[in-house]
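Trainee: got a sequence here, can you build the structure:
(one chain, ligands or ions: 1)
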Amino acid sequence: MARDGYQECVIKEIAWANQNTNMMKIYLKLGKDDVYNEFLDKSGIKKKLDAARQNIPIQCPYCFAMNPIAQHCHMCGIDLTEQARNYKENWKNAVVHNPDFMIDRLTEIKKGMAQVQVGK
Ligand SMILES: [Zn+2]
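Mentor: Alright, predicted model coming up:
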């Protein structure tokens, strides 16, 4: 819990229901990485590193093309992210469980387009 950033008073309350306990001294052992990670996190460096990691181009596992930040490969169209794979899987499941799903969605889109044209 301490590594997850819980306040000492919360840990004492959950673990021992006693704010005057000395058990934290006995059970809380910080490693070198804990102090280092806390420093990186509190100083904002960790967020900058995470953001920099997210901007790294993705190489397509199928055609090996390098892609900027994208859901799909710009060369072969394969899904590059877990989010893209989940999105496609959710649509596939929706169609399998409700064969009219696509027809319903297309009808909604058609109605929306008709309303836009009426608004012109
Ligand atoms: Zn590709």
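
Trainee: strands of the chain, residue ranges please.
Mentor: With DSSP state E, the ranges of strands along the chain come out as 58-59, 66-67.

Trainee: residue 61 against residue 78, yeah?
Mentor: Yes. Between residue 61 and residue 78 there is a contact under Cβ atoms under 8 Å: 7.5 Å. From N, CA and C alone the C-beta is placed, and that goes for glycine too.

Trainee: which of these two has more residues huddled nearby?
Mentor: Neighbours per residue (other Cβ atoms under 10 Å) separate residue 61 from residue 78, with residue 78 holding more: 15 against 9.

Trainee: helices and strands around the worst-scoring helix or strand of the chain on mean pLDDT, which ones?
Mentor: Lowest on mean pLDDT, DSSP states H and E among the helices and strands of the chain sits helix 45-54, with a mean of 73. Here helix 45-54 is seen to pack against helix 32-43 when contacts are counted using 3 or more Cβ pairs under 8 Å, 6 or more residues apart in numbering; DSSP states H and E.

Trainee: try it again with 6 Å
Mentor: Secondary-structure packing of helix 45-54 (3 or more Cβ pairs under 6 Å, 6 or more residues apart in numbering; DSSP states H and E): no helix or strand packs against it.

Trainee: between helix 32-43 and it, find me the angle.
Mentor: Here the directions of helix 45-54 and helix 32-43 differ by 90 degrees (axes from the mean of the first three to the mean of the last three Cα atoms, to 10 degrees).

Trainee: just give me how far helix 45-54 sits from the chain centre.
Mentor: With Cα atoms, centre = their mean, to the nearest Å as the basis, helix 45-54 stands 14 Å off its chain's centre.

Trainee: just the pLDDT for the spatially most central residue of the chain.
Mentor: In the chain, the residue lying closest to the centroid (Cα atoms, centre = their mean) is residue 83, at 8.5 Å. Looking at residue 83, its pLDDT is 89.

Trainee: what about the residue lying closest to it once chain neighbours are set aside, distance to the ion?
Mentor: Residue nearest to residue 83 in three dimensions, not counting chain neighbours: residue 71, with 6.6 Å by Cβ to Cβ, 6 or more residues apart in numbering. Separation of residue 71 from the ion (Cβ to the ion, to the nearest Å): 12 Å.
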